Every structure is written in C-alpha cells, then in structure tokens.
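Undergrad: please find the sequence and the predicted model below.
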Amino acid sequence: YQRRVREKRGDRVCSHILNANADIISLQEVNRFTEIKSFLFPHGYEGMWLPKQNPCKLGIEVDGAALFWKRSVFTMVDYLEIKQVSGWNQVCLCVVLRLNECGRLLAVASTHLKAYQNKVMERIRCAQVGKYCELYHNFVRNVVSTDINRHTDMSSTGGGGGGGGGG
C-alpha cells in the first residue's frame, strides 16, 4: 500500500513539473533522483543530484538537492558540489549553464538547508546561506570572467522544498 501511494505521489509531482514547462527546475529533499530523471529525460531534461552525505536518522532514505535543465535550451559548462558546510549535513549544488541560442552563461544553485523552525536554526541557516553564497560567488568568478546571470534557490524552511526562489 505505502509503495503504491508513494508511486502515485511521485507521478503527480513529475506531471506537475512537466506542466510548468520550466527551462530550469530546482528541487530539494529529493530522495528518488533516478526515478525523476528517468521520467524527465524523455521530455528533454538533463539533471544533477547532490545527496546529503549521511542520513540524519537511521532508516531514512538519503535526500538532497537537484537541478534539471532543458537540453534544447542549455548546455552544462561546469558544476560545484558543496557538502557539509560548518559541520552540518546540508548541501548546495551549483551549475553554470550556457544558453544554446546565444552562448550567454547562467549560474544556478539549489540548496538543502537545515530545516527546524526556531531562532537557533535560523541563525544556522543564515550562516549556511552566507557561506554558500561566498563559495558560489568564487566558483562563478573562476568559471567565467564576463558578466553572468545568477539564480539561486535557497530553501529557507523545511518540508516544502522545491523550485522557484530567486536571488
């Protein structure tokens, strides 16, 4: 029963993603990357996943951050995987994409930050974002020497995850 519910939910999530017809998709708390990628690939998407290094609790599947992009629109130039900043088991995936039509570059990042809702965790999230932004900026600066558009999806709360965001 649980498996059927999970499969139906996964199908609904993937259908919702396709209906959005986005050129770039950012997801957090992804624990079924292979299934999502195999669903999106025939629709023209390529993607990367950065799993957290150690599950927080025994028996919980490893999850992480994922980015997908339309192959007809973008080609990946470079990527950076940031793992366990400040000792916390969180991740940030950064990708530099080239627009196929004009050659312009776009830097995109997706994170999976600490999720609990209290003042201590908010300070930790702020520190994580600061460190991720510093590493992201240095990565982008080293990849290109020209102007580059940047977009980040820094999930600020747990549980909801996924897409949108700006920065």
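TA: Received, thanks.

Undergrad: pLDDT of the lengthiest helix in the chain, averaged?
TA: Of all the segments of type helix in the chain, defined by DSSP state H, the longest one is helix 119-143. For helix 119-143, the per-residue pLDDT values average out at 80.

Undergrad: try stretch 20-40
TA: Here the mean pLDDT over stretch 20-40 is 90, rounded to a whole number.

Undergrad: now do the buried residues in it.
TA: The neighbour-count check on stretch 20-40 (16 or more other C-beta atoms under 10 Å) flags 24-30, 32-33, 36-37, 39-40 as buried. (Each C-beta comes from the backbone N, C-alpha and C, glycine too.)

Undergrad: show me these that map onto helices.
TA: Reading helices off these with DSSP H, I get 33, 36-37, 39-40.

Undergrad: identify, from those, the entry nearest to residue 138.
TA: When those are ranked by distance to residue 138 (C-beta to C-beta), residue 33 comes first, at 26.4 Å.

Undergrad: identify the residue spatially nearest to the closest one, adjacent ones excluded.
TA: For residue 33, ignoring the flanking residues on the chain, the nearest one in space by C-beta to C-beta, 6 or more residues apart in numbering is residue 49 at 3.9 Å.
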